[in-house]
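Undergrad: structure here, sequence nowhere to be found:
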């Protein structure tokens, strides 16, 4: 049995992955709040941005945390197509959940369907990402911990969507995002503590790319996307601010006549 280290780089990867999860959640919740205050194409665009932010944040959280994952007696590589597929799964399933909430007429039903869909998608992304791991040995899982991680994912996703529907102020969104970061990180590490590795020493070269060759550059790119999009959303006026600006300008226009 190989010794598993989930923080081979110290606190760097757990803390940084938590920051990524919080950033994605904050941006996703803020965009969903914006979406619910608009209609038509604008609502659709805000929901797409929300889904991409949450999906990117969850995926980046997972693989930043994986940068600190090591197993004694074997190196670790990643299957590139499966890793990319895990990102696509995160994006698509989170989009389904966010759009269910954004366009659902029955809010309770939309919340339950969206939370279940998104939670199962998050869990699928996690275990698809783990399926991309290549090492010298066999990987098995503790079924009870796997089940617990899926439950955490569904509860976390439902809570996030509930917050998007009911929390409006920036301060409340920030608090909800910090809580969501804890939930997503808990799901990840619960899933990781379910992992068991039986190492089979071998001199063969493992297929795939190392974390620094592929995962790290992709995580940096997606993390940059999150922070740049966060800046754009923060600087973009809300519907209320646009209405206030328009009403403030009307007397000036009428006075000019």
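TA: Perfect, I can see it now. None of these values were measured; they are calculated from a predicted model. Numbering: from 1, shown residues only.
Undergrad: is residue 206 in a helix, a strand, or coil?
TA: coil (DSSP: H, G, I helix; E, B strand; the rest coil).
Undergrad: and it, how many neighbours does it have?
TA: Here the number of neighbours of residue 206 (other C-beta atoms under 10 Å) works out to 16. The way it works is simple: take the backbone N, C-alpha and C, and place the C-beta from them, glycine included.
Undergrad: what does residue 203 give?
TA: 5.
Undergrad: that's a strand at it, yeah?
TA: No. Counting by three-state DSSP, residue 203 is not part of a strand but coil.
Undergrad: what about stretch 135-145, start to end distance?
TA: Terminal residues of stretch 135-145 lie 22 Å apart, using C-alpha to C-alpha, to the nearest Å.
Undergrad: if we go by neighbour counts, what in that stretch is buried?
TA: Using 16 or more other C-beta atoms under 10 Å as the test for burial, stretch 135-145 gives 135-137, 141.
Undergrad: so, low pLDDT: which residues of the stretch 151-257 of the chain?
TA: Along the stretch 151-257 of the chain, segments meeting pLDDT under 70 span 234-257.
Undergrad: quick one, strands of it?
TA: According to DSSP state E, counting those that start in this stretch, the stretch 151-257 of the chain carries its strands in the segments 195-199.
Undergrad: which residues in it form helices?
TA: Listed in chain order, the helices found in the stretch 151-257 of the chain under DSSP state H, counting those that start in this stretch are 170-193, 216-235, 239-256.
Undergrad: report the angle between the longest one and helix 216-235.
TA: This points to helix 170-193. For helix 170-193 against helix 216-235, the angle by axes from the mean of the first three to the mean of the last three C-alpha atoms, to 10 degrees is 160 degrees.
Undergrad: helices or strands up against helix 170-193?
TA: helix 12-36, helix 40-66, helix 107-131, helix 143-166 (3 or more C-beta pairs under 8 Å, 6 or more residues apart in numbering; DSSP states H and E).
Undergrad: mind checking those for the one nearest to residue 214?
TA: helix 40-66 (9.4 Å; C-beta to C-beta).
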